[in-house]
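J.: Show me the folded form of this:
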Amino acid sequence: MSLGMLAALASALAWALGAILFRRIGERASPTAMNLTKSLMGLVFLGVAVAATGVTRIDGESLARLAASGVLGIAVGDTLFFAALVRLEPRTTLLLASVGHVFAVLLSVAVLGERPTAVTWAGITLVILGVGWVLQVGAEAPGAMTGTEGSGATARSQRAIGIACGVGSALATSCGLLLAKTGVGVDVSTLEAAWVRLATGVVAVGLVSVARGHLRADLGVLRIPGLLRELGVAVAVVMFGGFWLSLVSLRYADASVATALAATEPIFVLALARWWLGERVTTKAVLAACLAVTGVGLIVVGSR
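T.: So this is what the prediction gives:
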């Protein structure tokens, strides 16, 4: 197995671990607070990496598109992802995130006029079937699946909100990535583009927090004993484990192979949830995750 393939799998493991870590943090912090503090820390981490690799000039159009991409993908997408994560189990949240690949194809058809192949449509079908299967299994016992306390009606309501947030996150993230893909010049480095997206996302989340009068409370989570350390670990895992290793995989492996292997996050999170959180993992959940991951692989292969 090549270095690129190993990096892609390690990246998937890091994203899965990050979801578990943020799920635990979500027991003490709101989705907005997690996104704001996560993004602020990420700015520092990425800023160090950008400074080490050198800064280049970004033209106005690319900057504007990256800014809009950051608002959609970071401010909206990540906040909705955290909102889903605190209401659903991590494996379901990551599976819902895989729907983003479906949205990416549909948006490419609508905006760019692309024509998906039969393999791509087959992959879309498998993703929808896999995600639908997981949601159907969870609907049978929402309280047990999510850990939601209270009546069955309350658990079902929270689960429905979590599913809506997960789908909304996938759509916002896909729109943000499409903006970056269609408008950013080839001379803009990936690290710089990520930093600009993150910076505009921080500003957008901060403005929303100020408008709601929650800025003090959102930043106040950093004063919770031990939480700053946990946030730092989670952000480091996501930024350097997930993001940086994904760049390494794209450099040393074919893009389609790297992307397909990186989509194995739901498989890794099943093992982590069982080992770390003590969640019960059923055969149906494993099969559904495999079905969705296979679908993502077909989408990637069919889109080459």
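
J.: And for the nearest residue to Gly73 once chain neighbours are set aside, the neighbour number?
T.: For Gly73, ignoring the flanking residues on the chain, the nearest one in space by CB to CB, 6 or more residues apart in numbering is Gly176 at 2.7 Å. In this view, the C-beta of every residue, glycine as well, is placed from N, C-alpha and C. Counted with other CB atoms under 10 Å, residues neighbouring Gly176 total 25.

J.: Let the chain start at 570 from now.
T.: With the count now opening at 570, the last piece we talked about shows up as Gly745.

J.: Show me what counts as buried in the helix or strand hosting Leu609.
T.: Using DSSP states H and E, Leu609 maps to helix 600-622. Using 16 or more other CB atoms under 10 Å as the burial criterion, the residues of helix 600-622 that qualify are 600-612, 614-615, 618-619.

J.: again with stretch 581-598
T.: In stretch 581-598, counting by 16+ other CB under 10 Å, buried: 581-592, 594-595, 598.

J.: Okay, now the unreliable bits of the stretch 770-873 of the chain?
T.: Scanning the stretch 770-873 of the chain for pLDDT under 70 picks out the ranges 819, 824-825, 873.

J.: how about 80 then?
T.: 816, 819-820, 822-829, 842, 844-850, 872-873 (pLDDT under 80).

J.: Helices of that one, start to end?
T.: Assigned by DSSP state H, counting those that start in this stretch, the helices in the stretch 770-873 of the chain fall at 784-789, 796-805, 814-821, 824-831, 834-841, 852-871.

J.: I'd like those helices laid out as a markdown table, including mean neighbour count and distance to Ile643.
T.: Listed next are the helices of the stretch 770-873 of the chain as a markdown table, based on neighbours: other CB atoms under 10 Å; distance: least, CB to CB, whole Å:
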| stretch | mean neighbour count | distance to Ile643 |
| --- | --- | --- |
| helix 784-789 | 15 | 15 |
| helix 796-805 | 17 | 13 |
| helix 814-821 | 19 | 16 |
| helix 824-831 | 21 | 19 |
| helix 834-841 | 23 | 19 |
| helix 852-871 | 21 | 22 |
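
J.: mind checking which of these is nearest Ile732?
T.: Taking CB to CB, helix 852-871 is the member of these nearest to Ile732, at 14.5 Å.

J.: Extract the C-alpha trace of that closest one and format it as CSV.
T.: The C-alpha trace of helix 852-871 is given here as CSV (Å, rounded to 0.1, in the frame of the first residue of the first chain):
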residue,chain,number,x,y,z
THR,A,852,-24.9,-5.8,12.0
LYS,A,853,-27.4,-3.6,10.1
ALA,A,854,-25.4,-0.5,11.1
VAL,A,855,-22.2,-2.0,9.7
LEU,A,856,-23.8,-3.2,6.5
ALA,A,857,-25.5,0.2,6.0
ALA,A,858,-22.2,2.0,6.5
CYS,A,859,-20.4,-0.3,4.0
LEU,A,860,-23.2,0.3,1.5
ALA,A,861,-22.9,4.1,1.8
VAL,A,862,-19.1,4.0,1.6
THR,A,863,-19.3,1.8,-1.4
GLY,A,864,-21.7,4.3,-3.0
VAL,A,865,-19.2,7.2,-2.3
GLY,A,866,-16.5,5.1,-4.0
LEU,A,867,-18.6,4.6,-7.1
ILE,A,868,-19.4,8.3,-7.2
VAL,A,869,-15.8,9.1,-7.1
VAL,A,870,-14.8,6.6,-9.7
GLY,A,871,-17.7,7.5,-12.0
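
J.: which strands and helices sit next to it?
T.: If contacts are counted by 3 or more CB pairs under 8 Å, 6 or more residues apart in numbering; DSSP states H and E, helix 852-871 sits against helix 659-666, helix 668-676, helix 687-709, helix 824-831, helix 834-841.

J.: Deepest in the core, which of those is it.
T.: helix 659-666 (a mean of 28; mean count of other CB atoms under 10 Å).

J.: Any chance of TSV for the helices and strands packed on helix 852-871, columns distance to Leu572?
T.: What follows is these, written out as TSV (distance: least, CB to CB, whole Å):
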stretch	distance to Leu572
helix 659-666	25
helix 668-676	25
helix 687-709	26
helix 824-831	11
helix 834-841	19
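
J.: Can you mark which positions in the helix or strand hosting the residue nearest to Gly642 are buried?
T.: Assigned by DSSP H and E, Gly745 belongs to helix 721-752. For helix 721-752, a neighbour-count test (16+ other CB under 10 Å) marks 724-725, 727-728, 731-732, 734-749, 752 as buried.
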